[in-house]
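Participant: Build me a model:
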Amino acid sequence: MKKYALINFILFSFYFQACSTDAVIEQAQDAIIEEVIVDDPNENTDETSDDTEVTNTEENEPLTTSLRTFIFGHSLIVHDPPMFPTPSNETTVPHWMAELAAAANYDYAVSGQYGFLPQHDNLPPFAQWGFERASGAWDSDTESFADANFNSILLTAGNFIQYQSVNTPYDGDNQDNTTPLGATLTIFDWVEQQEPGTSIYIYENWPDMAGFLSNGVPASNIEFSNYNTYTLGEFHQWWLNYHEEVRTQRPDLNVKMIPVGPIISKLLTETNLSGIPFSELYEDDAPHGRPTIYFLASLVTYMAMYGEEAPLNFEVPGTVHTLVQANYGATVDFIWNELNAFNDIQGNSLVFP
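Facilitator: Numbers count the residues shown, from 1 in each chain. This is a model prediction of the structure:
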């Protein structure tokens, strides 16, 4: 199954020329563990609407203890195989989601496929992925999507299309004039027809880095600073516009957004995780992450989808950078506060139902 997934990934990546750039990184740097505390994040200002059935996140009660998720994704969710081999699937979000769920004694099952939105709206999808630690949720060869009993989907757009609006047709060979918004609505409508009431999450990834680099990876301090400024600025605004357009067009659907890329940028610039060397974070200019990036991405995703802080009893393995191990509790708190502060101008949460 992994060989088949890789072939499809290469085909998608060659066609769209993104999320696939390979650049060999010099030998990774060793880092010294620092037992320090992350600066206090902003206070929680989250308010949820009164007409939801969700428990109050301030009481730290989960939204769910069982996820069955289908992912319409690409390599910023599942990067397999990585440039630098890992023991298992450590450069994938589902791997870490399964590990965190196991530590909390929660259920997690997942299936998904590679592609960008113009491929994903060629429905029905199929279960392309397999993971050593995460249970599969669907055998698309023997059952329908509706029979898989998914309760959530996770969808992401390309990280290189933010130079034009969500309503602008894709450049290149696009005879159908497909737009990011149009493809997304097609997918969401189909999912709602197959499994009404499914929780829908938009996974905001991180931007392509190639345009910020003058000599390839690793990025210089200035280049990385400019990259993170863009991630938190124009790039993030594109995703906010995207989410708002979806909500406007489909007000009856339960569509939420998980700001994965911006929170990772804040962790790497505003906390003690800023001491992690670039070579321990990214392997190329796409940029595909190393295990530490996908672990941080999974922490954000886990807390958004389960509606609860990641389990503090989780033992961060050695495949993740030592600074994350040393600051795990503070990192969890930082992410949780960021998610609770991710609201619209009326104070309603953009991530929690």
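
Participant: from here on, contacts and neighbour counts on C-alpha atoms
Facilitator: Fine.

Participant: Can you tell me the SS state at the nearest residue to residue 242 once chain neighbours are set aside?
Facilitator: Excluding the flanking residues, the one nearest residue 242 by CA to CA, 6 or more residues apart in numbering is residue 166, at 5.9 Å. Reduced to three states with DSSP: H, G, I helix; E, B strand; the rest coil, the structure at residue 166 is coil.

Participant: just the one 4 residues further on next, same as before
Facilitator: Here residue 170 is coil, with the state taken from three-state DSSP.

Participant: now it, nearest residue through space, not along the chain?
Facilitator: On the basis of CA to CA, 6+ apart, the spatially nearest residue to residue 170 that is not a chain neighbour turns out to be residue 179, at 5.8 Å.

Participant: continuing past the lowest-mean-pLDDT helix or strand in the chain, what's the next helix or strand?
Facilitator: Comparing helices and strands within the chain by mean pLDDT, DSSP states H and E singles out helix 2-16 as the least confident, with a mean of 38. Sequence-wise, the next helix or strand downstream of helix 2-16 (DSSP states H and E) is strand 66-73.

Participant: Please identify the pairing partners of that following strand and their relative orientation?
Facilitator: Based on DSSP bridges, the strands next to strand 66-73 in the sheet, each with its direction, are strand 107-114 (parallel), strand 152-155 (parallel).

Participant: So which of those is nearest residue 326?
Facilitator: Each of the strands paired with strand 66-73 was scored for nearness to residue 326 using CA to CA, and the closest is strand 107-114 (26.4 Å).

Participant: Mind jotting down where the strands sit in this protein?
Facilitator: Ranges of strands within the chain are 66-73, 107-114, 135-136, 152-155, 199-203, 255-258, based on DSSP state E.

Participant: Am I right that residue 159 is in contact with residue 209?
Facilitator: No - judged on CA atoms under 8 Å, residue 159 makes no contact with residue 209 at a distance of 9.4 Å.

Participant: Between those two, point out the one with more neighbours.
Facilitator: Set side by side, residue 159 and residue 209 give different neighbour counts by other CA atoms under 10 Å, the larger being at residue 209 (24 against 20).

Participant: and the gap between the more buried one and residue 172?
Facilitator: Summarising the geometry, the distance separating residue 209 from residue 172, computed by CA to CA, to the nearest Å, is 21 Å.

Participant: can you check residue 311 too?
Facilitator: According to CA to CA, residue 311 stands 45 Å off from residue 172.

Participant: again with residue 81
Facilitator: Here the criterion is CA to CA. By it, residue 81 lies 28 Å from residue 172.

Participant: Show me which of those two is the more surrounded one.
Facilitator: residue 81 (18 against 9).

Participant: Got phi/psi on that one?
Facilitator: Per-residue torsions, residue 81: phi -90, psi 150 (degrees, to the nearest 10).

Participant: Model confidence at it, what's the number?
Facilitator: The predicted local confidence for residue 81 comes out at a pLDDT of 96.

Participant: quick one: it and residue 75, what's the gap?
Facilitator: The value you get for residue 81 to residue 75, if CA to CA is used, is 10 Å.

Participant: And the helices in the stretch 101-250 of the chain?
Facilitator: Listed in chain order, the helices of the stretch 101-250 of the chain (DSSP state H, counting those that start in this stretch) span 117-120, 180-194, 221-232, 234-249.

Participant: Dump those into TSV; add mean neighbour count and mean pLDDT as well.
Facilitator: Shown next, in TSV, are these (neighbours: other CA atoms under 10 Å; pLDDT from 0 to 100):
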stretch	mean neighbour count	mean pLDDT
helix 117-120	19	98
helix 180-194	18	98
helix 221-232	17	98
helix 234-249	17	98
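
Participant: Can you check which of the strands paired with strand 66-73 gets nearest to residue 304?
Facilitator: Nearest to residue 304, of these and by CA to CA, is strand 152-155 at 11.3 Å.

Participant: which parts of that closest one are buried?
Facilitator: Of all the residues in strand 152-155, those buried under the rule 16 or more other CA atoms under 10 Å are 152-155.

Participant: could I get those residues as JSON lines with pLDDT and distance to residue 317?
Facilitator: Supplementary listing: these in JSON lines, determined by pLDDT from 0 to 100; distance: CA to CA, whole Å:
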{"residue": "152", "pLDDT": "98", "distance to residue 317": "28"}
{"residue": "153", "pLDDT": "98", "distance to residue 317": "28"}
{"residue": "154", "pLDDT": "98", "distance to residue 317": "26"}
{"residue": "155", "pLDDT": "98", "distance to residue 317": "28"}
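
Participant: biggest separation within these, which pair?
Facilitator: When the buried residues of strand 152-155 are compared pair by pair using CA to CA, the two farthest from each other are 152 and 155, 10.1 Å apart.

Participant: joint contacts of those two?
Facilitator: Here residue 152 and residue 155 share the contacting residues 200-201, scored by CA atoms under 8 Å, 6 or more residues apart in numbering.

Participant: Show me the shaky parts of this protein.
Facilitator: For the chain, the stretches with pLDDT under 70 are 1-60.

Participant: so how far is residue 275 from the residue most central in space within it?
Facilitator: Nearest residue to the geometric centre of the chain (CA atoms, centre = their mean): residue 203, 4.6 Å. Using CA to CA, one gets 26 Å for the distance from residue 203 to residue 275.
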